[in-house]
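*Asks:* Pasting the sequence and the predicted coordinates here, then a few questions.
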Amino acid sequence: MSVTLTHGKPTVLLLTILALVAAGCDEKHPHAVETPPPVVEVAQPVERTVSDYQVFTARTQAVQSVDVKARVTGYLTRINFKDGDLVKEGDVLFQIDDRPYKAALDQAKGTLEAAKASLDVAKAALVKNQADYDIGLNVQKQDKGAISEQEITRRLGARDEAKASVAQANGSIAQATGALENAQLNYDWCKVTAPVGGRATRHLVDVGNMVNQNATTLVNVVSLKPMWAYINVDQNTARRVQALVREGKIKSFREGEVPVDMGVSVGSEQSFPIAGAIDYVSNQLDPNTGTIQVRSVFPNENEALIAGAFARIRVPLTAPHPALLVNDRAIGTDQGQKFVLVVNDKDEVEYRPVEVGQLHDGLREVLRFRTITEAGADGKDVTKQVEILEATDRLIVNGLQRVRPGDKVDPRPVNMQTLLSKSSKAN
C-alpha cells in the first residue's frame, strides 16, 4: 500500500520534531545546582552586672519654692531683675519707697540718744546724792549732834530717787534700742531680697503700685539644685520590697540612700541618664490610693531638671547580679515560648528555649540557667538547673526567619549592642 504526500510543509515540520525528540533522548540529565548556606548575622551576649528594677512615673519638685512678699507697706519704686532671671540669695529684687521708714529710723536714733543723755544725768545725780549721804553718815558717827536725823533721811531719799532715775533711764534706753532695731528692720525691708538662690518667675506687681506688709506677693523663686522627684509606690511592690529587705537581699530604703536613675525624655526612648538616690519614704500608705510616697533627690548640677516636670524613675528591686544581655532581635517566640538560635562550632543552627528578664540600656537579660523537671531513676520528678546559654555562644540576630534548627549557615559577626559589623566598627 502506498501513501501519497500531497503537502510538503507539514511533512518537513513533522520530520523536524522527530529529529529534535531523538536528539533530546540522546542528551544526559543535568546536575542539580548546590545552594549556598544562608548568610546570618551573629553576636555574642554582653556580660554585665545588673539589678532588676521597676519604673515609676514621677513629678519633679523644687527643694525650695518661696513666694516673696512685701514685709513693709509702701509704694513700689524699682524692680531690679528681668522676668525669669537666675538670682542669688541676698540679691535685691525690689525697692519700696523707704523715705517714711528713713524718717522713723532717724527719729528712733534721736530717741535713743536722748535716753542715753538722760542716763548720764541720772548717773551724775546718783553719784552726787550718794556722796552727800555718805558724808552725812560719817559726820553723824563723829558727832551725832553735828547733823540731824532728818537731814540724813532726806539725803537717803535723794539717793534712792537718783537710783530710780538711773533705772528709769536704762529702761528708756532699752525701749529706744528696741524701737531703733524695729525701725532699722523696716528700713532694710524696703529692699526686698531673694531669700534663696534659684530662678525667679515674672514680677507680679508693677512699679508705682502700693504693696501691703505680709500680704502682697511680688515674685516666686524656686531653687534649681538639688531637685526632688516624688513617686507613688503601689502596695504590692512595697510589700515585695519589704520581703526582700527581710531576706537580706536588698538594703531598706530607709537605711541610707538607695541609688535610682531618672529619664525625662519623651517618645520611645527608654534611657535613664540622670543618677540620684532615694532619701525619704513616707511613714504610711495613702488609704485613698493604696500607695506610699517615696522621694528621690538629684544633684542637678547642670540645671537640666525643672520643677513640675513629669519623669520616669527606675528603682532597683534586687541586688546587683551578673547577667547575659542580648538584643531583642535575637529572641524569637514559638507559641509563647521564648527561644534563641545559636550557631555552633560546625556553623549549624541549634534551638535553645530561654527565659527572659528586663531591659537594661536597650539589651534584654536572658537567664543563663533554666529550671527543668525530669523523671528520676526512682520514678520521682527531679528539678534541676540546666545551663542554656554561655557568654561565648553565637546568637543569630538577623535571619531567624530564614533558618531552622539543624541548618548549615554562613555566620557574619556583628556587635550585639549596635548590630554593626565588627570589621567595619574596627575600621
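*Replies:* Happy to help now that I have it. Quick caveat, the model's predicted, so the values are computed rather than measured. Numbers count the residues shown, from 1 in each chain.
*Asks:* Any regions of the stretch 251-400 of the chain where pLDDT drops low?
*Replies:* Along the stretch 251-400 of the chain, the parts satisfying pLDDT under 70 run over 256, 266-270.
*Asks:* Show me where it has its strands.
*Replies:* Ranges of strands in the stretch 251-400 of the chain, per DSSP state E, counting those that start in this stretch, are 258-263, 274-281, 291-298, 310-316, 321-326, 332-334, 337-343, 349-353, 356-360, 363-366, 369-375, 381-387, 394-398.
*Asks:* got the buried residues for the fourth one?
*Replies:* Applying a neighbour-count criterion of 16 or more other CB atoms under 10 Å, one finds 311-316 buried in strand 310-316. (Each C-beta comes from the backbone N, C-alpha and C, glycine too.)
*Asks:* Can you check what angle separates it from strand 291-298?
*Replies:* With axes from the mean of the first three to the mean of the last three CA atoms, to 10 degrees applied, the angle from strand 310-316 to strand 291-298 works out at 100 degrees.
*Asks:* Can you name every helix or strand that strand 310-316 contacts?
*Replies:* strand 53-62, strand 227-234, strand 258-263 (3 or more CB pairs under 8 Å, 6 or more residues apart in numbering; DSSP states H and E).
*Asks:* which helix in this protein runs the most residues?
*Replies:* helix 99-142 (DSSP state H).
*Asks:* State the next helix or strand along the chain beyond that helix.
*Replies:* Remark: after helix 99-142, the chain's next helix or strand is helix 149-188, criterion DSSP states H and E.
*Asks:* what angle sits between that following helix and helix 99-142?
*Replies:* Using the same axes, to 10 degrees, helix 149-188 lies at 160 degrees relative to helix 99-142.
*Asks:* Which other helices and strands does helix 149-188 contact?
*Replies:* Looks like helix 149-188 contacts helix 99-142 (3+ CB pairs under 8 Å, 6+ apart).
*Asks:* next one: the helix it packs on to chain centre, how far?
*Replies:* 64 Å (CA atoms, centre = their mean, to the nearest Å).
*Asks:* That helix - contacts with which helices or strands?
*Replies:* helix 149-188.
*Asks:* After the helix it packs on, which helix or strand is next?
*Replies:* Per DSSP H and E, helix 149-188 leads on to strand 191-193 as the next helix or strand towards the C-terminus.
*Asks:* check contacts around the residue nearest the centre of the chain.
*Replies:* Taking CA atoms, centre = their mean, the centroid of the chain lies closest to F298, which sits 4.0 Å from it. Contacts for F298 were tallied using CB atoms under 8 Å, 6 or more residues apart in numbering; they are 226-229, 262, 274-276, 305.
*Asks:* if you set the cut-off to 7 Å instead, what comes out?
*Replies:* 226-227, 229, 262, 274, 276, 305 (CB atoms under 7 Å, 6 or more residues apart in numbering).
*Asks:* Quick check: the gap between P38 and V409.
*Replies:* From P38 across to V409, the span is 6 Å (CB to CB, to the nearest Å).
*Asks:* ok, the two, which is more surrounded?
*Replies:* Neighbours per residue (other CB atoms under 10 Å) separate P38 from V409, with V409 holding more: 20 against 13.
*Asks:* who touches both of P38 and V409?
*Replies:* V403.
*Asks:* how about R254, phi and psi?
*Replies:* R254 has phi and psi values of phi -90, psi -10 when expressed as degrees, to the nearest 10.
*Asks:* and it, how many neighbours?
*Replies:* So R254, with other CB under 10 Å, has 11 neighbours.
*Asks:* Ok, the one 5 residues further on next?
*Replies:* Burial of P259 is recorded as 13 neighbouring residues (other CB under 10 Å).
*Asks:* correct me, but it touches D279?
*Replies:* No - counting by CB atoms under 7 Å, P259 stays clear of D279, with 11.0 Å between them.
*Asks:* Any idea how many residues pack against P411?
*Replies:* P411: 17 neighbours (other CB under 10 Å).
*Asks:* quick one, what contacts it?
*Replies:* For P411, the contacting residues are 40, 42, 343, 347, 394, by CB under 7 Å, 6+ apart.
*Asks:* separation between the third one and E365?
*Replies:* Just to be clear, that refers to V343. Going from V343 to E365 by CB to CB gives 21 Å.
*Asks:* okay, now the domains of the chain?
*Replies:* Taking automatic domain parsing as the reference, the chain has its domains at 53-63+224-319, 67-96+194-222, 98-189, 323-426.
*Asks:* Of those, which is nearest E47?
*Replies:* The closest of those to E47 is domain 323-426. By CB to CB, the value is 5.1 Å.
*Asks:* chain center to that closest one, what's the gap?
*Replies:* 36 Å.
*Asks:* now do stretch 307-324
*Replies:* With CA atoms, centre = their mean, you get 11 Å for stretch 307-324.
*Asks:* Endpoint to endpoint, it covers what distance?
*Replies:* 37 Å (CA to CA, to the nearest Å).
*Asks:* List the contacts of that stretch.
*Replies:* 45, 47-62, 222, 229, 231, 240-241, 244, 249-250, 260-264, 272, 296, 365-366, 368, 389, 391.
*Asks:* filter these to the buried ones?
*Replies:* 45, 50-56, 58, 60, 62, 222, 229, 231, 241, 244, 250, 260-264, 272, 296, 365-366, 368, 389.
*Asks:* about what we covered before: from the buried residues of strand 310-316, which is closest to Q175?
*Replies:* Distances from Q175 to the buried residues of strand 310-316, taken by CB to CB, are shortest for A311, at 56.0 Å.
*Asks:* Tell me how far that closest one lies from F56.
*Replies:* 9 Å.
*Asks:* low pLDDT regions in the stretch 1-150 of the chain?
*Replies:* Using pLDDT under 70, the stretch 1-150 of the chain drops low at 1-33.
*Asks:* how about a cut-off of 80?
*Replies:* Residues of the stretch 1-150 of the chain meeting the criterion pLDDT under 80: 1-34, 144-145.
*Asks:* State whether V219 and H203 are indeed in contact, as I suppose.
*Replies:* Yes - using CB under 7 Å, V219 is in contact with H203, at 5.5 Å.
*Asks:* so which of the helices and strands packed on strand 310-316 comes closest to I79?
*Replies:* For I79, the closest of the helices and strands packed on strand 310-316 is strand 53-62, at 22.4 Å, according to CB to CB.
*Asks:* rewinding a little: which ones are touching the closest residue to the residue nearest to the centre of the chain other than its chain neighbours?
*Replies:* Of all residues beyond its chain neighbours, the one nearest F298 is G276 (3.7 Å), with distances taken as CB to CB, 6 or more residues apart in numbering. G276 sits next to 260, 262, 296-298 when contact means CB under 7 Å, 6+ apart.
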